[in-house]
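got a predicted structure plus its sequence, pasted below:
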Amino acid sequence: MENRSNFGSKLGVILASAGSAVGLGNVWRFPTEVGNNGGAAFILIYLLCVVFVGVPVMVSEFLIGRHTHANTISAYQKLAPGTWWRYEGVAGVFIAFLILSYYVVISGWTLYYFVLSLTGYFAQGKDYVACFSSFVSHPVQPIVYAAIFMLMTHLVISKGVESGIERFSKVMMPMLLFIIGILVVCSFGMPGASDGLSFLLRPDFSKVTTNVVLSAMGQAFFSLSLAMGCLCTYASYFGSDTRLVKTAFSVSAIDTVVAILSGFIIFPAVFSVADVEVNAGPGLVFITLPNVFYLAFSHMPVVGYVFSGLFYVLLLLAALTSAMSLHESVTAYVHESMHLSRRRSAALVSVSCMLLGVGCSLSFGPWSDYTVFGMTMFDLFDFVASKIIMPLGGIVICLFVGWKLDRKLVRDELTNGGTLRFRFFRFYLFLVRWAVPLAIALIFIHELLG
Ligand code: PFF
């Protein structure tokens with residue numbers, strides 16, 4: 001058996017895992033959720049979900065991956081051979097594949113908008129609603145951009161763990177954080193920025209309903225890349241001295257800070273332009289912000305140019321590091337279990353995923369009438385992944401670690417063979433055995449009934 005690669009440094013471990021977590025979800029989804037769901041009140045609930053649900057699930061995934069040093073499917077097979085638990089590994093890899101197929105489509109849009117920003121398109125004052133809908137419904141253009149994005153991801157993954165994922169994360173993540181810093185300064189400098197900040201930060205507890213708590217939990221899951229096999233796969237490349245609990249806290253902290261700073265970038269800028277409507281989801285970054293960029297251009301052309309260009313680079317970097325982890329989750333399995341070379345495995349995953357991506361892209365245009373349960377292919381993939389498999393996976397991972405795995409194995413992994421102290425071990429066990437599965441089950445039932 002060929003030697004398995006590892007991440008070469010602690011910084012590499014943290015930046016690669018944070019790269020998986022920090023993605024499109026942080027930049028466009030989190031700020032809108034905060035704005036719509038009670039500002040600082042939502043942020044508070046989100047933080048509680050990250051600490052009490054997100055971190056325990058992440059630690060559990062880390063320990064499964066690091067203990068087995070195997071891809072996600074083999075990891076469960078090794079720990080519980082011949083039992084039903086192994087289907088959790090299968091679900092994780094399958095769902096990473098599904099998510100990647102639609103994630104590349106939106107990432108392709110981001111690439112296109114980055115190119116537009118370079119050409120000074122946002123200085124021209126167009127009808128950005130029409131521009132967005134004609135682009136996404138075009139039968140060829142968005143597919144070409146998605147394919148270029150997939151190629152970029154492919155090139156990193158086929159280089160391997162240390163010289164691909166780790167090396168690129170070490171360059172891209174600091175760049176991403178630096179760009180965020182510049183954009184926050186640009187945004188705070190816009191006239192009327194303080195209105196945006198108070199919209200974002202005013203705690204409005206009257207808006208906090210069960211639904212809001214559930215959205216906070218769903219957002220934490222997606223944002224932290226939980227239950228997709230990604231973090232389990234990355235952890236299989238961790239060294240024996242990696243501190244799992246500390247790493248989980250660091251990754252969650254970076255992810256949360258980026259999400260909050262994205263709000264600091266978007267809302268002050270949007271509020272500096274009184275007549276622009278605040279859209280949710282993709283509309284926010286592909287329609288609302290182009291209007292903001294146009295107005296910034298008309299007052300301060302240099303700021304407009306820098307702001308729009310850097311914003312889409314930021315999105316692109318965030319999307320790329322997340323797509324890398326989704327790709328790796330599947331490639332590691334194909335490479336190790338089907339005995340194909342890493343390059344061939346990566347190529348197989350890229351091509352097959354891109355074929356599904358074509359369908360997802362067409363579902364915004366020529367195929368928009370083909371629906372299953374009233375959902376287009378894109379919506380269906382998103383629904384199955386984020387609303388069904390992600391919560392169920394979270395429950396299974398916790399129950400697996402809490403009830404199935406030997407307690408000594410769990411303690412040894414979390415304390416690196418007894419060399420570290422972990423004072424909250426009992427509390428962690430309580431969370432993964434009872435509290436987290438129950439909390440997720442509540443969301444799941446609520447989402448299905450609602
Ligand atoms: N965490 C990424 C985001 O916030 O956009 C998305 C993601 C990546 C979800 C990897 C799941 C995953 F396994």
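Great, that's in hand.

which residue is the nearest non-sequential neighbour of the residue in the stretch 251-400 of the chain positioned nearest to the ligand?
Closest residue of the stretch 251-400 of the chain to the ligand, Cβ to the nearest ligand atom: residue 322 (4.0 Å). Heads up, the C-betas are built off the backbone N, CA and C, glycines and all. Spatially, and ignoring its direct neighbours in sequence, residue 322 is nearest to residue 23 (3.3 Å; Cβ to Cβ, 6 or more residues apart in numbering).

check the burial of the one you found by counting its neighbours.
27 (other Cβ atoms under 10 Å).

now swap in the one 5 residues further on and tell me
Using other Cβ under 10 Å, residue 28 has 26 other residues around it.

pretty sure it is touching residue 282, no?
Yes: if you go by Cβ atoms under 8 Å, residue 28 and residue 282 touch, sitting 6.8 Å apart.

which element is the residue of the stretch 151-300 of the chain with the smallest separation from the ligand on?
Closest approach between the stretch 151-300 of the chain and the ligand, counting by Cβ to the nearest ligand atom: residue 228, at 3.0 Å. For residue 228, there is no host helix or strand (DSSP states H and E).

wait, what's in contact with it?
Residue 228 is in contact with 92, 95-96, 99, 326, 329, 385, 390, 393, counting by Cβ atoms under 8 Å, 6 or more residues apart in numbering.

got these as JSON lines, with distance to the ligand columns?
Converted to JSON lines, the contacts of residue 228 look like this (distance: Cβ to the nearest ligand atom, whole Å):
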{"residue": "92", "distance to the ligand": "8"}
{"residue": "95", "distance to the ligand": "8"}
{"residue": "96", "distance to the ligand": "6"}
{"residue": "99", "distance to the ligand": "6"}
{"residue": "326", "distance to the ligand": "5"}
{"residue": "329", "distance to the ligand": "7"}
{"residue": "385", "distance to the ligand": "8"}
{"residue": "390", "distance to the ligand": "8"}
{"residue": "393", "distance to the ligand": "10"}
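
so who does the residue lying closest to residue 59 once chain neighbours are set aside touch?
Residue nearest to residue 59 in three dimensions, not counting chain neighbours: residue 248, with 4.7 Å by Cβ to Cβ, 6+ apart. Counting by Cβ under 8 Å, 6+ apart, residue 248 touches 55, 58-59, 62.

let me know the closest of those to residue 304.
For the contacts of residue 248, the closest approach to residue 304 (Cβ to Cβ) belongs to residue 58, at 38.8 Å.

tell me if I'm right that the closest one and residue 227 touch.
No: Residue 58 is not in contact with residue 227 according to Cβ under 8 Å; the separation is 9.8 Å.

higher neighbour count, these two?
residue 227 (32 against 29).

quick revisit: can you turn the buried part of the contacts of residue 248 into a ChimeraX selection?
Applied in ChimeraX, the following selects the buried portion of those according to 16 or more other Cβ atoms under 10 Å:
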select :55,58,59,62
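
pull the helix or strand with minimum mean pLDDT from the protein.
Among the helices and strands of the chain, helix 282-283 carries the lowest confidence by mean pLDDT, DSSP states H and E, at a mean of 80.

so which elements touch the helix or strand hosting residue 394?
According to DSSP H and E, residue 394 maps onto helix 390-399. Under the contact definition 3 or more Cβ pairs under 8 Å, 6 or more residues apart in numbering; DSSP states H and E, helix 390-399 sits against helix 55-68, helix 86-118, helix 210-223, helix 436-449.

same list (the ones you listed) but as CSV, adding distance to residue 369 and mean pLDDT.
CSV is the format used below for the helices and strands packed on helix 390-399 (distance: least, Cβ to Cβ, whole Å; pLDDT from 0 to 100):
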stretch, distance to residue 369, mean pLDDT
helix 55-68, 38, 98
helix 86-118, 18, 96
helix 210-223, 28, 87
helix 436-449, 26, 86
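
and the residue lying closest to residue 301 once chain neighbours are set aside, how far is that from residue 307?
Closest residue in space to residue 301, ignoring its immediate chain neighbours: residue 123 at 6.8 Å, by Cβ to Cβ, 6+ apart. Distance, residue 123 to residue 307, using Cβ to Cβ, to the nearest Å: 12 Å.

of these two, which one has the most company?
Remark: of residue 123 and residue 307, residue 307 carries more neighbours, 25 against 17, as counted by other Cβ under 10 Å.

the nearest residue to that one once chain neighbours are set aside: how many residues sit nearby?
Setting aside the residues directly before and after it, residue 307 is nearest to residue 186 in space (Cβ to Cβ, 6+ apart), at 5.0 Å. Burial measure for residue 186: 21 neighbouring residues, criterion other Cβ under 10 Å.

what about residue 186, helix or strand, and which?
In the assignment (DSSP H and E), residue 186 maps to helix 167-188.

rewinding a little: for the residue nearest to residue 322, list the residues it contacts.
Taking Cβ under 8 Å, 6+ apart, one finds 103, 223, 225, 318-319, 321-322 in contact with residue 23.

do residue 40 as well
Residue 40 makes contact with 200-203, according to Cβ under 8 Å, 6+ apart.

who wins on neighbours among those residues?
Taking other Cβ under 10 Å to define a neighbour, the member of those with the most is residue 200, carrying 22 neighbours.

circling back: wait, a strand at the residue nearest to residue 59?
No: using DSSP: H, G, I helix; E, B strand; the rest coil, the secondary structure at residue 248 is helix, not a strand.

rewinding a little: and the helices and strands packed on helix 390-399, which is most packed in?
Comparing those by mean neighbour count (mean count of other Cβ atoms under 10 Å), helix 55-68 comes out on top with a mean of 26.
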